[in-house]
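>>> Model the following, please.
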Amino acid sequence: MSFDPASYVFSQPSEPTAIRASTVLPAHRENVELITGDGHRLVGELALPESGEVKATLITLHPLPTHGGFMDSHIYRKASYRLPALAGIAVLRFNTRGTGSPRGTSEGQFEEGIGERLDVEAAVKFAVDRGLPNRWLVGWSFGTELALMYGASEPVASGVAGAILLSPPLHRATEVHLKEWAAAGKPLKVLVPALDDYLQPVEAAERFAVVPQARVIGVDGAKHLWVGEKYAGRVLNEIVDEVLPGATATRLPEEWDGPLATAHA
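Numbering: from 1, shown residues only. I've put the predicted structure just below:
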C-alpha cells in the first residue's frame, strides 16, 4: 500500500520542542505522479508551505537506487519535513524509474542514468506546470550526475534557476557536461564532504574549475551520506542560503513552537 502523507498525526506540545530527525512540521503534502516522455509513471510527494507564498522549489534527485538511494534518503526526507514550514520552500521528491520506497515503486527499470534523463525532464515539467516558482535541482550522489548531465540543456535548463550538488562522484558526468553548465551560466553550488569516499574537496575544486560560477564548499568531518543531524542541518542551511539568498541572517531554527508530528518508523 502506498504511504499516505495525510496519515501524520499532529499535536501541540506545551513548549517549544527540539527538531529531531523524525520531527515532521506542518505542510500541505500530497502524493503525486510524474509521467515521463516514454510513458513511465513515477511516484513522488510534493510538500508545500501550509500558508503564505512558496518562495522556492526543490526538485530532488536521489542517490543511486542500486545502493539504497530513493526519494526517502534522509536529507530529502528531512527537507520535506522542515523546509515548507521553516523557510516557505516547496519540496518535490520522487523515485526515479524502477526505484521503490514506502510511497510506492516507479515504473520502468534502472537505466544507468541514461533513461533517467526523461525522469528529470518529467519532474521539472511537473513543477513548471504546477506554477511552482524559483525552481532548483538538488542532486545527491547519483542525483548529482543527473543534475549535471541534464540540468544545463533543454528542456530542463529553462525550467530551473540552478543546481545544488551534494557529494558529487563525477563518475557519469564528464567535462562535456561541466562545460555545458559553464556556458549556461546558471549557479552551481557544490557541497563536498571532506571524508567522501569518491571525490574530496581538493580534487572537486580542480574538476569544477571549468565552471567559473561553481562554488565548491568542503565540509570538514562529513562523509558521503551526511549521516548525523550536524551534517544534515548544515546541508539544509546551505540549500536555503542558495535558493533564498539573504532571506535568513542566521541558521534555520532548531526548535519549533507549534504543532508537530513524528515520522513513522
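
>>> how about low-confidence regions in the protein?
Along the chain, the parts satisfying pLDDT under 70 run over 1, 247-250, 265.

>>> try 80 this time
Residues of the chain meeting the criterion pLDDT under 80: 1, 246-250, 264-265.

>>> in it, which residue is closest to the centre?
Closest residue to the average C-alpha location of the chain: Thr60 at 3.1 Å, with CA atoms, centre = their mean.

>>> Just say helix, strand or coil for that residue.
Per DSSP: H, G, I helix; E, B strand; the rest coil, the local secondary structure of Thr60 is strand.

>>> same question, Arg172
coil.

>>> ok, now Glu111?
Relying on three-state DSSP, one would call Glu111 coil.

>>> Look up how far Phe142 lies from it.
Glu111 is 12 Å from Phe142, where distance means CB to CB, to the nearest Å. All C-beta atoms are positioned from the backbone trio N, CA, C, and that covers glycine.

>>> ok, now Thr262?
Thr262 is 29 Å from Phe142, by CB to CB.

>>> Same question for Leu225.
Going from Leu225 to Phe142 by CB to CB gives 12 Å.

>>> Show me which of those two is the more surrounded one.
The neighbour comparison of Leu225 against Phe142 (other CB atoms under 10 Å) goes to Phe142, with 26 against 21.

>>> my guess is the more buried one meets Ser73, correct?
No. Contact between Phe142 and Ser73 fails when scored by CB atoms under 8 Å: they sit 10.1 Å apart.

>>> okay, and the common contacts of the two?
Here Phe142 and Ser73 share the contacting residues His62, Pro63, scored by CB atoms under 8 Å, 6 or more residues apart in numbering.

>>> What is the distance between stretch 141-151 and the centre of its chain?
Stretch 141-151 has its C-alpha centroid displaced from the chain centroid by 11 Å (CA atoms, centre = their mean, to the nearest Å).

>>> can you list contacts of it?
Stretch 141-151 has contacts (CB under 8 Å, 6+ apart) with 60-65, 69, 96, 113, 116-117, 119-121, 137-139, 156-157, 160, 163, 165-173, 177-178, 181, 186, 224.

>>> before we move on, what about stretch 254-265?
Stretch 254-265 has contacts (CB under 8 Å, 6+ apart) with 3, 7-13, 15-19, 22-26, 77, 81, 85, 102, 233.

>>> do that again at 6 Å, thanks
8-10, 12, 16-19, 22-26 (CB atoms under 6 Å, 6 or more residues apart in numbering).

>>> Could you list the buried residues of it?
Neighbour counts over stretch 254-265 (16 or more other CB atoms under 10 Å) mark Trp256, Leu260, Ala261 as buried.

>>> For Pro155, see how far away the last one is.
From Ala261 over to Pro155 the distance is 37 Å, taken as CB to CB.
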